[in-house]
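Enquirer: Take a look and give me a structure for this.
(one chain, ligands or ions: 1)
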Amino acid sequence: MTTAQALRDDALSRITGTSDLDTLESLRVEFLGKQGSISALLKTLGKMSPEERKEQGPLINGARTEVADAITARKEALEAEALDRRLASETLDLTLPAPQAPQGSVHPVSQVMDELAEIFADLGFSVATGPEIEDDWHNFTALNMAETHPARAMHDTFYFPDRDAVTVPASSSEAVGEKRRMLLRTHTSPVQIRSLVEQGAPIRIIAPGRVYRSDSDATHTPMFHQVEGLVIDRDIHLGHLKWTLETFLKAFFERDDIVLRLRPSYFPFTEPSVEVDVGFAMENGRRVLGGSGDDEGHGWMELLGSGMVNRRVIEFAGLDPDEWQGFAWGLGVDRLAMLKYGMDDLRAFFDGDNRWLAHYGFSAFDQPTLSAGVGAKA
Ligand code: DAH
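Expert: The predicted structure follows:
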């Protein structure tokens, strides 16, 4: 046996016997590396006689090729085995349930505001907003409550210190130079004035939002929510007001048997003013709207304040009351939510208790409303 054949046999048997890639690499260096034994043999070819070279050349080159091929084949086999072992040990169980991420919910107040916006959009109303930090002109004066008006005292207003009062700038169309006290708006009615001044007439808006009064017990919180409504156009009368509120309440409570009663009342910004009552029946200790309050076993519940917009308010907003009339209303959103979804303590609305929210909140993914957004039903 020639040296080349002996080296080849030794290399092949050791290559077959290797079970790891590192050993295989050291075998490659040992036989085929720069200082390797087969490489050294190749270098001897140059010093041989032509006859000898003719005989030894194919043997040495053949040994080199065989060893190189054997290393490549063994390497592939070892790598495939390693991959199989990894695949076997790292299998993913796709049927395992994913860990639950905490999920938020839509607050009943947001839900109800969205429902209101949707229903009134169908009646041609857009949504208007105004600042919660308001001045006393928009919150009171322009709504026909002069400085000495007793209704101002009734509102338990949160005022800012006098040093925060603002002076009406010369660029304004309103009483320039007048001092205005800043306050947290006590109702959404100032949005009537702001919208009328900005957009003019005709106008149909609702204005949902937060309002503030210094008041706190089981049915009052210092912050609560109202939705204001305002329609100004030509030839508007009380019949439009009643139809609009009736249509809205039927859609909101999803009942055709909603019956309203308009009672004479007083608000400085409406004339005539009406208190709107709605008929209800007791079911399992809860008030359920529907039917006339005069029916057997029924009663009337006060729901909202409303009326034909006072001529003076239309003038304050810069419009001619002989040309433009309309109606307005103000409604407690929190109470509306309590009535529809059956909560009984207003304070829980603002406690931020996750258990309450999980129970009364709405899924953001299957509600056909604005807050819901993604995945809303058509
Ligand atoms: N702003 C009144 C309040 O907070 C509610 C109200 C009554 C609003 C009659 C109106 C209205 O627009 O016409 O008590």
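
Enquirer: Just give me how far stretch 33-41 sits from the chain centre.
Expert: 72 Å (Cα atoms, centre = their mean, to the nearest Å).

Enquirer: could I have it exported to CSV, CA atoms only?
Expert: In CSV, the C-alpha atoms belonging to stretch 33-41 read as follows (Å, rounded to 0.1, in the frame of the first residue of the first chain):
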residue,chain,number,x,y,z
GLY,A,33,-4.7,21.9,5.9
LYS,A,34,-1.6,23.8,4.8
GLN,A,35,0.6,21.7,7.1
GLY,A,36,-1.7,18.6,6.6
SER,A,37,-0.2,15.2,5.8
ILE,A,38,-2.0,14.8,2.4
SER,A,39,-1.0,18.4,1.5
ALA,A,40,2.6,17.5,2.4
LEU,A,41,2.5,14.5,0.1
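
Enquirer: Could I get the buried residue list for that stretch?
Expert: By neighbour count on 16 or more other Cβ atoms under 10 Å, the buried set for stretch 33-41 is 36, 37, 38, 41. C-beta: built from backbone N, CA, C; applies to glycine.

Enquirer: So which of those belong to helices?
Expert: Secondary structure of the buried residues of stretch 33-41 is defined by DSSP state H; positions in helices are 37, 38, 41.

Enquirer: How about the contacts made by the residue nearest to the last one when sequence neighbours are not counted?
Expert: Think residue 41. Beyond its immediate neighbours in the sequence, the residue positioned closest to residue 41 (Cβ to Cβ, 6 or more residues apart in numbering) is residue 60, lying 5.2 Å away. Contacts for residue 60 (Cβ atoms under 8 Å, 6 or more residues apart in numbering) come out as 4, 38, 41, 42, 45.

Enquirer: in what helix or strand does residue 60 lie?
Expert: Counting by DSSP states H and E, the element that carries residue 60 is helix 50-89.

Enquirer: Report how many residues lie close to residue 281.
Expert: Using other Cβ atoms under 10 Å, residue 281 is surrounded by 18 other residues.

Enquirer: do residue 170 as well
Expert: Using other Cβ under 10 Å, residue 170 has 7 neighbouring residues.

Enquirer: Could you grab the helix/strand/coil label for it?
Expert: The three-state label given to residue 170 by DSSP: H, G, I helix; E, B strand; the rest coil is coil.

Enquirer: quick one: it and the ligand, what's the gap?
Expert: When distance is defined by Cβ to the nearest ligand atom, to the nearest Å, residue 170 is 31 Å away from the ligand.
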